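Asker: Give me coordinates for this.
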Amino acid sequence: MTKAKIAWITDSSASLSQEFIEEHQIHVIPLHVVINNEFYKENVDITEKEFYERMKNEEGKFQSSQPSINDFVELYHKLKEEYDFGIAIHASSVLTGTYQSSAMAAEMAGFKLFAIDSQIGSYPLSFLINKGIELAESGLAIEEVVSRLNALREHTRLYLVPSNLNQLHKSGRVSGSQKILASLFNIKPILAMEEGAAKIKEKVRTEKKATAWLLNQLKEDLAKNIVKKVAILHANDVDKAAEIETLINETYPKIETAKLMLITVAGVHTGVGTMGLSWVCE
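Answerer: Residues are numbered from 1 along each chain as shown. Okay, the predicted model is just below:
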C-alpha cells in the first residue's frame, strides 16, 4: 500500500526554525503585523525582532492581522496537485481568525484538510507540529494522529509577564485606572493561555516574584508529568531571557531549554520586554 503524501501547514505564530521548516517541507502562511496602518508579512517583510524594536522606539499603533483567505486558497490549489491531503495546525482561534480562514479556504479549493485549532501559539504550537509529523511517520492512522494532537492541547503551558501595562492599555485589555494602580504599586499580572485565551492567572509585586511563580508552576508540573523542554519567551530582551534560562539550567539540569522571540500576535498586546515560559507535559 502506497503511503499517503501529507502536506503540513501552519502560520508564522508557530516559532519554527527555518531548518525545521525546510527539513520537513512545512508550508507556513505568514500573519501580518500592522504598524500605523502599514501591513508587513511576518518573517518575510519584517522580523519579530524588528517589530519589537520599532514598538520600543516609535509612537503609534502596533497590531497583528490574520492572513488573507486568498493566501490559503492559492496554497491549497497548489498542494492539491502534489499531496493526498493536508494537516493544518494554527494559532488559537480566539487570538486570530487564521484557523477559520485556513479551513474555509481548503473547502473552497477542494483540498482535503484536517484543520486543528491549537488553542495556543509559540513553542507549544511548534511542539504539536513536530509531534504530528512523528506520529504520522510512525504509521498511525491519520484520524488517530489528529485525535492525539487535539488531546495534547490540554497539556500545553504558556505563561507571560508583561514588563508594564502600557501596551495592554493601548490594546484595550486594561483600563487607564488599572494601569495607574499597577504602576503605583509595581503590580505585575501573570497571563496564562487557557482555552485559547490569555487570562490573568496571578498578580505579583516584583519581577523576582513573577519569575519564582513561573518556576513554581514548572515544579508542580514536573512532580506529575514529564517535561523534556522549556522555552523562555521574550519580547526582545535577550539578556533577561538568558538569566532565566541559566536559572532553569541550574535548577533542572536535565531539561532542555531554548530562548524564543515572543510571537507578535501576543506581543502586540503585552508589549516590549514581556517575558514568559512555555512547556508541554508529556
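Asker: How about the contacts made by the residue lying closest to residue 34 once chain neighbours are set aside?
Answerer: Excluding the flanking residues, the one nearest residue 34 by C-beta to C-beta, 6 or more residues apart in numbering is residue 63, at 4.2 Å. C-beta here means a position set from N, CA and C on the backbone, and glycine is covered the same way. Neighbour list for residue 63: 33, 34, 268 [criterion: C-beta atoms under 8 Å, 6 or more residues apart in numbering].
Asker: Could you report the neighbour count for residue 26?
Answerer: Residue 26 has 18 neighbours, counted by other C-beta atoms under 10 Å.
Asker: I meant residue 219, not that one.
Answerer: 11.
Asker: Any regions of the protein where pLDDT drops low?
Answerer: 1-2, 164-186 (pLDDT under 70).
Asker: any chance you could map the strands in it?
Answerer: Here the chain has its strands, by DSSP state E, at 6-11, 27-29, 32-35, 38-41, 62-65, 85-90, 113-117, 156-161, 188-194, 197-204, 229-234, 256-261, 275-280.
Asker: can you give me how far the longest helix seen in the chain is from the chain middle?
Answerer: When the chain is parsed with DSSP state H, its longest helix is helix 207-224. Relative to its parent chain, helix 207-224 has a centroid offset of 20 Å by C-alpha atoms, centre = their mean, to the nearest Å.
Asker: Next, the buried residues of it.
Answerer: By 16 or more other C-beta atoms under 10 Å, the buried positions in helix 207-224 come out as 210, 211, 213, 214, 215, 217, 218, 221.
Asker: possible to save those as JSON lines with distance to residue 9?
Answerer: Converted to JSON lines, these look like this (distance: C-beta to C-beta, whole Å):
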{"residue": "210", "distance to residue 9": "35"}
{"residue": "211", "distance to residue 9": "36"}
{"residue": "213", "distance to residue 9": "36"}
{"residue": "214", "distance to residue 9": "32"}
{"residue": "215", "distance to residue 9": "35"}
{"residue": "217", "distance to residue 9": "31"}
{"residue": "218", "distance to residue 9": "31"}
{"residue": "221", "distance to residue 9": "30"}
